[in-house]
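>>> Provided below for reference: sequence and predicted model.
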Amino acid sequence: MDPQKLKGQVALVTGADSGIGKGVAIAIAQAGAKVLVNYVHNQKAAAEVVDEIKAAGGEAFAYQADVSKEDEVQAMFAKIIAAYGGIDILVNNAGLQKDAKFVDMTLDEWNTVISINLTGQFLCSREAAKMFIKRGVVDGVSRAAGKIICMSSVHEVIPWAGHVNYAASKGGISMFMKSIAQELAPNKIRVVGIAPGAIQTPINKAAWETPEALNKLLTLIPYNRIGQPEDIGKLAVFLASDDADYITGTTIFMDGGMTLYPGFADNG
């Protein structure tokens, strides 16, 4: 198997300064692609991701942009066109949580999560699709004109009380991904989703930082381990490569079996 299966390609990974985005950016760089490491606030963390990629012989640079802001997204795409001539892979990873009971949730908490998690994917995917359609398939680079990976969650199918804004955004990503996959397939653009389960990242630190919390979490995971960002990174590399050229319009769940609803395992 070719470890450099993305050689000669360029990727933009949003929210790549930590967690899943960091794992994906590093894995894609290891597979040979040049990477734009997008971040919003933590410039130091983004620079560390770039340094790690460069230390391993890869090529990357960091760029600050809020994916919910149209002008900032367009400026980011202009920057990557100037730097690398365009992109071949977009990984829509940027996301956040602002949790509250439904009756206590403010409009700002709702709008912020929808804007980043869902509208951000719309804005980035639209700019990428325009670029892919204009350029078309480049012989010797990829069989597709472009690849868009939409990072979702098991909560696109599992309801999550206390996290209504987050779950709604992820459910929206599912239908957004399928709809644009249907529309863009004739242009040889592939669009796929990744739905992680519990991954050991800063966003869910409270769920795994103590043995008690981790043990409680593992009752939801039949495979009995928490996922790692590298797990998602390996899947993203596969989905972005020509090995997955016939895959579009579907979500791959990577969750250790969380969507098997383990509470029913001994309650049949």
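Nice, I can see it. Numbers count the residues shown, from 1 in each chain.

>>> and the strands in the protein?
10-13, 34-39, 60-64, 89-92, 146-151, 189-196, 251-254 (DSSP state E).

>>> can you put those in CSV and add mean neighbour count, mean pLDDT and distance to T219?
The C-beta positions use only the backbone N, C-alpha and C, and glycine is treated the same way. Shown next, in CSV, are the strands of the chain (neighbours: other Cβ atoms under 10 Å; pLDDT from 0 to 100; distance: least, Cβ to Cβ, whole Å):
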stretch, mean neighbour count, mean pLDDT, distance to T219
strand 10-13, 29, 98, 32
strand 34-39, 27, 98, 34
strand 60-64, 19, 98, 38
strand 89-92, 30, 99, 31
strand 146-151, 27, 99, 25
strand 189-196, 24, 99, 18
strand 251-254, 19, 98, 18
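
>>> columns distance to A168 on top of these, output as CSV?
Output for those, formatted as CSV (distance: least, Cβ to Cβ, whole Å):
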stretch, distance to A168
strand 10-13, 24
strand 34-39, 23
strand 60-64, 27
strand 89-92, 17
strand 146-151, 15
strand 189-196, 15
strand 251-254, 16
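
>>> of these, which is nearest I81?
strand 10-13 (9.7 Å; Cβ to Cβ).

>>> neighbouring strands - and their directions - for the closest one?
In the sheet, strand 10-13 lines up against strand 34-39 (parallel), strand 89-92 (parallel) (DSSP bridges).

>>> as JSON lines, the ones you listed with distance to D17 would be great.
Below are those laid out as JSON lines (distance: least, Cβ to Cβ, whole Å):
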{"stretch": "strand 34-39", "distance to D17": "4"}
{"stretch": "strand 89-92", "distance to D17": "13"}
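
>>> so which of those comes closest to G197?
strand 89-92 (18.1 Å).

>>> quick one, the longest helix anywhere in the chain and strand 146-151 angle?
When every helix of the chain is counted residue by residue (DSSP state H), the longest turns out to be helix 164-184. Using axes from the mean of the first three to the mean of the last three Cα atoms, to 10 degrees, the direction of helix 164-184 lies 160 degrees away from that of strand 146-151.

>>> packing partners of helix 164-184?
Applying 3 or more Cβ pairs under 8 Å, 6 or more residues apart in numbering; DSSP states H and E, one finds that helix 164-184 contacts helix 107-114, helix 120-135, strand 146-151, strand 189-196.

>>> would CSV of these with distance to V40 be doable?
Below are the helices and strands packed on helix 164-184 laid out as CSV (distance: least, Cβ to Cβ, whole Å):
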stretch, distance to V40
helix 107-114, 12
helix 120-135, 10
strand 146-151, 15
strand 189-196, 20
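
>>> ok, which of those comes nearest P3?
Nearest to P3, of all the helices and strands packed on helix 164-184, is strand 146-151, at 18.5 Å by Cβ to Cβ.

>>> so what does the closest one touch, helix or strand wise?
With contacts taken as 3+ Cβ pairs under 8 Å, 6+ apart, strand 146-151 sits against strand 89-92, helix 120-135, helix 164-184, strand 189-196, helix 229-240.

>>> so how far is the fourth one off the chain centroid?
Averaging C-alpha coordinates over strand 189-196 and over its chain gives two centres that are 8 Å apart (Cα atoms, centre = their mean, to the nearest Å).

>>> other SSEs contacting it?
With contacts taken as 3+ Cβ pairs under 8 Å, 6+ apart, strand 189-196 sits against helix 120-135, strand 146-151, helix 164-184, helix 229-240, strand 251-254.

>>> about what we covered before: to E72, which of the helices and strands packed on helix 164-184 lies closest?
With Cβ to Cβ, the closest approach to E72 among these belongs to helix 120-135: 8.9 Å.
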